[in-house]
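Colleague: this is the structure alone, sequence omitted:
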């Protein structure tokens with residue numbers, strides 16, 4: 001599978017290096033879910049910048065990662081959606097809920113840090 005997965009603190013960073021087959025997308029979903037559960041992680045950042053196309057199957061897989069991670073207590077943020085890919089996703093009417101997106105890794109990590117500060121302030 002051409003996905004680099006790194007751990008930074010309680011955040012996993014999954015950088016997709018090239019287009020993935022449907023089987024590889026499923027493997028990625030399973031691996032991320034297992035890592036979140038095993039290490040009690042608070043966040044996942046998925047970099048899709050190398051993807052030329054994000055079709056309905058990949059969108060459903062991303063949604064499944066987001067929802068599964070949320071049930072395990074982790075927030076997921078997608079980064080690097082190319083402008084032409086974003087336009088195509090909207091034109092195809094893909095359901096993007098509840099995906100959260102950021103322009104780049106720095107913004108995603110800042111979003112997760114804000115979430116952590118809010119959780120601490122709320123007592124959670």
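Modeller: That came through, no problem. Here the structure is a predicted model, which means the values were calculated and not measured.
Colleague: now do the helices in the chain.
Modeller: 22-39, 56-71, 83-91, 105-121 (DSSP state H).
Colleague: other residues contacting the longest one?
Modeller: Read that as helix 22-39. Here helix 22-39 makes contact (Cβ atoms under 8 Å, 6 or more residues apart in numbering) with 1-3, 5, 7, 10, 12, 14, 16, 20, 41, 44, 46, 57-58, 61, 64-65, 68-69, 72, 74. (Each C-beta comes from the backbone N, C-alpha and C, glycine too.)
Colleague: and the residue nearest the centre of this protein?
Modeller: Note on the chain: the residue nearest the mean C-alpha position is residue 46, at 3.6 Å, using Cα atoms, centre = their mean.
Colleague: gap between the two ends of stretch 45-59?
Modeller: Stretch 45-59 has its terminal residues 15 Å apart, counting by Cα to Cα, to the nearest Å.
Colleague: contacting residues around it?
Modeller: Here stretch 45-59 makes contact (Cβ under 8 Å, 6+ apart) with 11-20, 22, 25, 32, 62, 65, 76-82, 85, 88-89, 92, 94-96, 102, 105, 108-109, 112.
Colleague: so which bits of stretch 45-54 are buried?
Modeller: By 16 or more other Cβ atoms under 10 Å, the buried positions in stretch 45-54 come out as 45, 46, 47, 48, 51, 54.
Colleague: in strands, which of these appear?
Modeller: Those of these mapping onto strands are 45, 46, 47, per DSSP state E.
Colleague: now the residues you listed as a markdown table including pLDDT and distance to residue 37?
Modeller: Below are these laid out as a markdown table (pLDDT from 0 to 100; distance: Cβ to Cβ, whole Å):
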| residue | pLDDT | distance to residue 37 |
| --- | --- | --- |
| 45 | 97 | 18 |
| 46 | 97 | 17 |
| 47 | 97 | 22 |
